Every structure is written in C-alpha cells, then in structure tokens.
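*Asks:* predicted model, plus sequence, below.
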Amino acid sequence: MKKTAVITGTGQDSSYLTEILLEKDYDVYVFKRRTSHNSLENFEQSLKNPQLHIVEGDLNDYPSIARLCKTTKPDEFYNLAAQSHVWTSFQQPIYTLKVNGEGVVNCLEAIRSSGVQTKFYQASTSEMFGGLQETAFNEESQFHPRSPYGAAKLYGHWITKNYRESYDMFACTGILFNHESSRRPPSFVTRKITYGIKNIIEGKEKNIALGNLDAKRDWGHAEDYCTAMVKILNHTIPDDFVIATGETHSVREFCQIAFEYAGLGDYEKYIVINPEFYRPAEVHVLIGDSTKARTQLGWIPKYSFVDLVKEMVDFDLKSLK
C-alpha cells in the first residue's frame, strides 16, 4: 500500500528528502510557509511529479497543521522546518523559540489529536551539545546549548521524547551534525564561500567577509543525512540517533580546498575577517559519533568532505562555463 508523508519546510533537507520518498513511491505533502518569495527552487526536479503536493501553512499556526494531519492521514511526518541560522537566533531569540520549540509541540499535538498512527521525525541538531568537549558526542552525551537556536532545538528534542514516553507515539529524533550541499542559501558559511568564489572570478567582488576561521565542524552531505532520516523512521522501534561523519574540518580548511579547486590559489588573499560574524558564545569544535546509526540502521555516508566542497564549488562555477 502506498505511503503518505508530510515534510515541513522547503530548505535543502526537505528537497532531498522529497526526492528520496518520491523515488520510493510515497505521496509527499510539503508544508510550506507562505511568503512573498517563492522558495521552491530546490524542488524544481520534483514539482512535475503528481505525487508531490505543496500545502501552505505555518508551524506557529496549529489549526493549519491539524487540518493537514486530518486530511492526509500521513504514515510519516518529518519536521524539518526551523529558524535555522545560529547567528540570527541571537538577534531574534523569541521568534527562534516559537518556531524551533513551540512549532514542534504543535506538530506532535496535531498528530496525537488526529488519532492516526503517524511516525514522527524531529530534526534535532549538534548545536544542542554546545561543543564543550573535544571528544565525539553520542546519544548519551550531555547537552549544553550555547545559542538561542541550540536551546530552542533542545526543547523540541526533549518534547519529542516526552510525547514518545507519555503517549506511546512513534516519535524519533535525528541529532544531525553540520550537513551542507549546493542547495544551501549563501547566508550559510559554506555556500557563502563557494558563491563568493564565483563572484570573485566574475569580478563582482574582491573578497569574502567571514568570522571565526578556526571553528571546526563535522561536515557531511545533506543527501546522506536525509537518507538517515528515512532509516530512522523505518527502524523497528522509535529512538534517537546521532548522524555524523566522525571527522572535523575547520572553516579555514573549507576555504583552502575550495579556493585551490577553483584555481584561485591562496585563500588568504581573498578572506576578510569581520568580528560581527563571531557568536556571543562561540562553539569551537563539534564532532559526532554515529556508531549507533551505523550499527542499528546500517547507515553509511557516501560523500567525503572533499567531495562535498568540490560539488559545491562546481555548482556555483557552472554558470561561468
């Protein structure tokens, strides 16, 4: 019997997950916040598929979520929508809490009230850990968020576990470490670098303004991580899983590989440090231990860090050819 899935949000993860589920013959409903800007660029290759449906609503509007659950009766519900900029969360902490915290409760309560046995996935984040230890974080590690984004996400993480334990819901979380792709908007540091390289080659810009070049992250590819989401909801029991590569690389390393691959040579000639991009509470190192996901789910990432950087550079430079 054909399955139905609801996906909230229209970012890179939502687009990759949509493609994966459509390939598996799901009916997919993408829950999209209405804005004056059409934010479906990442869905171009899926929009013609009759099994994809775009539904407008908002995580902070409970009736729209409840209506969606009652009409679609989804087998699976993936909550990927969020205020996803860590730096922005310091500027807009209340809005971040409403979307990343209260929005999760709205989804869970809508599912519970619908009476449908829907499997729920909550997109948790490595930012909940706070980076206060240099060893790899796993599912048992202590949380210590160092941003309003991380704190709001931690609420969403715990309320998901609470609904699982209180109402016997199949509610899961994926604690995803940094994952990127060419579908990232240029406001994120990795895409800011590769898009900036394009502008430098075109002569539109002379440099790229960045913050802490020595911040180290466990960077993977978004497509690999979306594959993990599906595996999490198709596991035999509802649980929480860290998804990570187990490697760390600095922003400086990303710059070095990207600039050399693009043929520009030494990145230091093009990078300008802007103190405004430093966080009030900096997270210096984040690395994950995904042993549980690899052993219980059979999840193995396909992309290496170098693969990721080169793919993003290729994407932004293809218009030059």
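*Replies:* Thanks, I have it. Residues are numbered from 1 along each chain as shown.
*Asks:* do a quick rundown of the helices in the stretch 51-200 of the chain.
*Replies:* Taking DSSP state H, counting those that start in this stretch to define them, one finds helices in the stretch 51-200 of the chain at 62-72, 86-91, 93-97, 103-114, 148-167, 189-202.
*Asks:* how far away from the center of its chain is the longest one?
*Replies:* Meaning helix 148-167. Distance, stretch centre to chain centre, for helix 148-167: 16 Å (C-alpha atoms, centre = their mean, to the nearest Å).
*Asks:* then the second one?
*Replies:* Once both centres are worked out by C-alpha atoms, centre = their mean, helix 86-91 turns out to sit 16 Å from its chain's centre.
*Asks:* for the record, mean pLDDT for it?
*Replies:* Across helix 86-91, the average pLDDT comes to 90.
*Asks:* low pLDDT regions in the stretch 151-300 of the chain?
*Replies:* 279, 281-282 (pLDDT under 70).
*Asks:* domain assignment for this structure?
*Replies:* The chain breaks down by automatic domain parsing into domains covering 4-179+219-243, 185-217+247-286+304-320.
*Asks:* can you give me the neighbour number for Trp158?
*Replies:* Residues near Trp158, counting by other C-beta atoms under 10 Å, number 17. Every residue, glycine included, has its C-beta placed from N, CA and C.
*Asks:* no, scratch that, I was asking about Ile20
*Replies:* The number of residues packed near Ile20 is 17, by other C-beta under 10 Å.
*Asks:* swap in Tyr95?
*Replies:* Tyr95, neighbours per other C-beta under 10 Å, totals 15.
*Asks:* report the separation between it and Ser126.
*Replies:* 22 Å (C-beta to C-beta, to the nearest Å).
*Asks:* likewise Tyr163?
*Replies:* 22 Å.
*Asks:* so those two - more neighbours on which side?
*Replies:* When neighbours are counted by other C-beta under 10 Å, Tyr163 and Ser126 differ, and Ser126 comes out ahead with 25 against 21.
*Asks:* need the winner for burial among the domains of the chain.
*Replies:* domain 4-179+219-243 (a mean of 20; mean count of other C-beta atoms under 10 Å).
*Asks:* chain center to that domain: distance?
*Replies:* 8 Å.
*Asks:* just the terminal-to-terminal distance for it.
*Replies:* Using C-alpha to C-alpha, to the nearest Å, the end-to-end distance of domain 4-179+219-243 comes out at 24 Å.
*Asks:* over to stretch 53-69?
*Replies:* Taking C-alpha to C-alpha as the measure, stretch 53-69 stretches 14 Å from start to finish.
*Asks:* flag the shaky bits of the stretch 1-150 of the chain, pLDDT-wise.
*Replies:* 35-38.
*Asks:* where do the strands sit along it?
*Replies:* Remark: strands assigned in the stretch 1-150 of the chain by DSSP state E, counting those that start in this stretch are 4-8, 27-32, 52-56, 76-79, 119-125.
*Asks:* residue most distant from the centroid, this protein?
*Replies:* With distances taken as C-alpha atoms, centre = their mean, the residue sitting farthest from the centre of the chain turns out to be Gly203, at 31.7 Å.
*Asks:* Ile65 contacts Ala110, doesn't it?
*Replies:* Yes. The criterion here is C-beta atoms under 8 Å, and Ile65 meets it with Ala110 at 4.3 Å.
*Asks:* what is the burial count for the residue lying closest to Thr135 once chain neighbours are set aside?
*Replies:* In this structure, Thr135 finds its nearest non-sequential neighbour in Ile287, 7.7 Å apart by C-beta to C-beta, 6 or more residues apart in numbering. Neighbours of Ile287 under the rule other C-beta under 10 Å: 22.
*Asks:* so who does Ile287 touch?
*Replies:* 134-137, 177, 216, 218, 244, 246-248 (C-beta atoms under 8 Å, 6 or more residues apart in numbering).
*Asks:* quick check: the gap between it and Glu247.
*Replies:* For Ile287 relative to Glu247 (C-beta to C-beta), the value is 7 Å.
*Asks:* between those two, what contacts are shared?
*Replies:* Common neighbours of Ile287 and Glu247 (C-beta under 8 Å, 6+ apart) are Asp218.
*Asks:* thinking again about what came up before, return the member of the contacts of Ile287 nearest to Tyr149.
*Replies:* Comparing the contacts of Ile287 against Tyr149 with C-beta to C-beta places Phe177 closest, at 14.3 Å.
*Asks:* spit out the contact partners of the closest one.
*Replies:* By C-beta under 8 Å, 6+ apart, the contact list for Phe177 reads 126, 217-220, 242-245, 286-288.
*Asks:* cool, Leu264 as well?
*Replies:* Per C-beta under 8 Å, 6+ apart, neighbours of Leu264: 197, 200-201, 270.
*Asks:* what would those look like in JSON lines with distance to Ala5?
*Replies:* JSON lines is the format used below for the contacts of Leu264 (distance: C-beta to C-beta, whole Å):
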{"residue": "Ile197", "distance to Ala5": "36"}
{"residue": "Ile200", "distance to Ala5": "41"}
{"residue": "Ile201", "distance to Ala5": "40"}
{"residue": "Tyr270", "distance to Ala5": "42"}
